[in-house]
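Asker: Fold the following for me, if possible:
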Amino acid sequence: MVWKQDLAKLKQQLGEAPMPPPPKPVPKPPDKPLTPADLNTEDALFLAAMGRRQARPAPTRIPEVQAAPVEPPPPPPDTFAEAVADLKGLKPLARPAVRPKSTPLPPPRPAAPVPVLEVPEPVAEPDPAPPPPVEPALPPPLSARPVRFQLAAGMALEVDGILDLRGHSRQDAIERLKDRLADGFLLGWRSIQVLLGTDPALHEGLLVLLESGEAPMITRYAQAPVPMGGAQAWLLYFAPPA
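Answerer: All right, here's what the predicted structure looks like:
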């Protein structure tokens, strides 16, 4: 058949063509020594790597060390005598040093008594004499009665105090006036305005008091100006302080 002829020609062609050479085997790397190699071994390895092969020394192997067989411990003694016999020749253990007992400290000495200083008792001083009582200042004695004078009808003056007696009885008004005059003299007033209103009894009582000398602290008096009460009021002036 035709395909058989073609196959025969193909085999003939393949048989006439030269076969390629087989590949060179790759050298097996040397085994790594278990112990450090000496200088000769290192030189042989170097020359082998450079293409100059030498006889490769056999690697040095560490001999295996066999463990010594472990002997089983001897059996314990059966009797007390055997145990004592085994202890012969053993040195006794040194006893721990016993610390000496600490010497008790002597009892503390009693503290020396602190001398007590005798402080003399304070002598009671006599109480200081009380100061003499201060007598209230009395107005200076006046030989003459207070002077009445006249003020301008339209002027207005400043006064230190005002006493309104309107609507009071004559006796009550006179007592109140005496108390206020004494207070004003102690306070250092210079003048006082007394309002009496239209009751003629109060005006008469004020004039009688001034003329009788029972108000010695008053040195002058006058009818009040119109802006300050006119005929219904009086202005009284105190004596200057001594």
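Asker: could I get the helix or strand that contains H203 in CSV with only the CA atoms?
Answerer: Per DSSP states H and E: H203 is located in helix 200-212. Once non-C-alpha atoms are left out, helix 200-212 reads as follows in CSV (Å, rounded to 0.1, in the frame of the first residue of the first chain):
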residue,chain,number,x,y,z
PRO,A,200,-50.2,134.5,125.2
ALA,A,201,-49.7,132.2,128.2
LEU,A,202,-46.7,130.5,126.6
HIS,A,203,-45.1,133.9,125.7
GLU,A,204,-45.6,135.2,129.2
GLY,A,205,-44.1,132.0,130.7
LEU,A,206,-41.0,132.3,128.4
LEU,A,207,-40.4,135.9,129.5
VAL,A,208,-40.9,135.1,133.2
LEU,A,209,-38.3,132.3,132.9
LEU,A,210,-35.7,134.5,131.3
GLU,A,211,-36.2,137.4,133.8
SER,A,212,-36.2,135.1,136.8
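Asker: Check which element follows that helix along the chain.
Answerer: Using DSSP H and E, the helix or strand that directly follows helix 200-212 along the chain is strand 218-223.
Asker: one step back: kindly calculate the angle that the helix holding H203 makes with strand 218-223.
Answerer: 150 degrees (axes from the mean of the first three to the mean of the last three C-alpha atoms, to 10 degrees).
Asker: Tell me which other helices or strands helix 200-212 touches.
Answerer: In terms of contacts (3 or more C-beta pairs under 8 Å, 6 or more residues apart in numbering; DSSP states H and E), helix 200-212 is packed against helix 170-186, strand 233-238. From N, CA and C alone the C-beta is placed, and that goes for glycine too.
Asker: which strands and helices sit next to the last one?
Answerer: Yep, that's strand 233-238 we're talking about. With contacts defined as 3+ C-beta pairs under 8 Å, 6+ apart, strand 233-238 has these neighbours: helix 170-186, strand 191-195, helix 200-212, strand 218-223.
Asker: Most tightly packed of these?
Answerer: Most buried of the helices and strands packed on strand 233-238, by mean neighbour count (mean count of other C-beta atoms under 10 Å): strand 191-195, with a mean of 20.
Asker: Restrict that strand to CA atoms and write it as PDB.
Answerer: Extracted in PDB, the C-alpha atoms of strand 191-195 (Å, rounded to 0.1, in the frame of the first residue of the first chain):
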ATOM      1  CA  SER A 191     -28.700 129.800 119.300                       C
ATOM      2  CA  ILE A 192     -32.100 128.100 119.500                       C
ATOM      3  CA  GLN A 193     -35.500 128.900 117.900                       C
ATOM      4  CA  VAL A 194     -38.600 128.500 120.100                       C
ATOM      5  CA  LEU A 195     -42.000 128.300 118.400                       C
END
